[in-house]
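*Asks:* Coordinates only, no sequence provided:
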């Protein structure tokens, strides 16, 4: 069983049997058959299918302050048939079982990328390569007196990869629970000069919810756009009111955005910011503007289209500024 990354192509194949004229693929997701596909086949040749795009439609990751593991149980059944339409008794049958994650691999990582999964559990965030391999240690950076959660992947006795989230307390400086044997160091940051910092939660390259904190200043902006027409204000007596708009605005739409400064991070954390840039699902945790005692978890879109990776050699200190648009119009126009 593999933990497959569904934002990248995932190919399934098996050899067609002797006398085969058609190939059929059946995809079951979480116990329900969702797709049945048929195409021509050549006896002895591989029946090749790409399943990631089809399966990914069924992943629905959301964040409302709680961390919920979202994966798919995928069973791909490949059969070959003597008929031309996939009917009749199967000449050959190949069944492949996977767990689908909303992650991706890079080109240099090769085809059919998987989420890190082996004989031992591990954290589902990118770590410092100088420590994760040699010392089985990971690091995160969190404000003082702040709790949170970190994703991990575990191995059950049936060798099935299972995603989970390990919580930590407001004063904890390490996690040594799940996953067992892989230490998570929590570096506490004092960011009281700029409040309590801003937490961005995003789906990382492994398909897990990951928090990244921006510790320095923030800037909020409101933008608008509208249409306008020249209004006729004179009446039939040739009189007009000087209090009426002659240039009338309409269809006004407003959008709010926030600019966040990260503060200083180690160079190896560049991969976190790159994954944030490439994430398709991002949320901002903020205080409710109308009720400071309440917290909101709002969807946002990363406004950046590029990122120059900083290095300690070139830039000395590593920090980033990201712009985020609220993923909704400020004036409620949901109809």
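*Replies:* Done, it's in. Keep in mind it's a predicted model, so treat the numbers as computed, not measured. Numbering: from 1, shown residues only.
*Asks:* Helices along the stretch 1-150 of the chain, start to end?
*Replies:* For the stretch 1-150 of the chain, helices defined by DSSP state H, counting those that start in this stretch occupy the ranges 52-56, 129-132.
*Asks:* hey, which of these is tucked in deepest?
*Replies:* Greatest average neighbour count among the helices of the stretch 1-150 of the chain goes to helix 52-56 (a mean of 18), per mean count of other Cβ atoms under 10 Å. All C-beta atoms are positioned from the backbone trio N, CA, C, and that covers glycine.
*Asks:* what about that helix, average pLDDT?
*Replies:* Averaged over helix 52-56, pLDDT sits at 97.
*Asks:* what helices or strands is it leaning on?
*Replies:* strand 22-29 (3 or more Cβ pairs under 8 Å, 6 or more residues apart in numbering; DSSP states H and E).
*Asks:* before we move on, the earlier item: right, and the helices of the stretch 1-150 of the chain - which one's nearest residue 288?
*Replies:* Nearest of the helices of the stretch 1-150 of the chain to residue 288, taken as Cβ to Cβ: helix 52-56 at 32.7 Å.
*Asks:* Now do the domain split for the chain, please.
*Replies:* 2-109, 122-220+254-326 (automatic domain parsing).
*Asks:* So for the shortest one, first residue to last residue, what's the gap.
*Replies:* Criterion Cα to Cα, to the nearest Å; first-to-last residue distance in domain 2-109 is 16 Å.
*Asks:* Quick one: distance of it to the chain centre.
*Replies:* Domain 2-109 has its C-alpha centroid displaced from the chain centroid by 22 Å (Cα atoms, centre = their mean, to the nearest Å).
*Asks:* Then the last one?
*Replies:* Relative to its chain's centre, domain 122-220+254-326 lies at 12 Å (Cα atoms, centre = their mean).
*Asks:* so for that domain, what's the average pLDDT?
*Replies:* For domain 122-220+254-326, the mean per-residue pLDDT is 89.
*Asks:* Pull the contacting residues for the residue lying closest to residue 90 once chain neighbours are set aside.
*Replies:* Nearest non-adjacent residue to residue 90, counting by Cβ to Cβ, 6 or more residues apart in numbering: residue 79, 3.9 Å away. By Cβ atoms under 8 Å, 6 or more residues apart in numbering, the contact set of residue 79 is 23, 24, 26, 86, 90, 91, 92, 93, 94.
*Asks:* bridging residues for residue 79?
*Replies:* When bridges are called by DSSP bridges, residue 79 pairs up with residue 24, residue 93.
*Asks:* Next, format the helices of the stretch 1-150 of the chain as CSV and append distance to residue 301.
*Replies:* As requested, these are exported to CSV (distance: least, Cβ to Cβ, whole Å):
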stretch, distance to residue 301
helix 52-56, 19
helix 129-132, 30
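*Asks:* Farthest pair within the contacts of residue 79?
*Replies:* Greatest spacing in the contacts of residue 79, by Cβ to Cβ: 26 and 91 (15.2 Å).
*Asks:* Of all the strand elements in the chain, which one is longest?
*Replies:* Longest strand of the chain, by residue count under DSSP state E: strand 247-261.
*Asks:* Show me how far it is from its chain's centre.
*Replies:* 26 Å.
*Asks:* How about residues contacting stretch 31-39?
*Replies:* With Cβ under 8 Å, 6+ apart as the test, stretch 31-39 has contacts from 22-28, 47, 49, 54, 58, 73, 85-86.
*Asks:* hmm, 7 Å instead?
*Replies:* 22, 23, 24, 25, 26, 27, 28, 54, 58, 73, 85, 86 (Cβ atoms under 7 Å, 6 or more residues apart in numbering).
*Asks:* and which of those is nearest to residue 250?
*Replies:* Looking across those and measuring by Cβ to Cβ, the closest to residue 250 is residue 58, at 40.9 Å.
*Asks:* quick one: that closest one and residue 29 touch, right?
*Replies:* Yes. With contacts counted by Cβ atoms under 7 Å, residue 58 reaches residue 29, the gap being 5.1 Å.
*Asks:* The two: which is more packed in?
*Replies:* residue 29 (19 against 16; other Cβ atoms under 10 Å).
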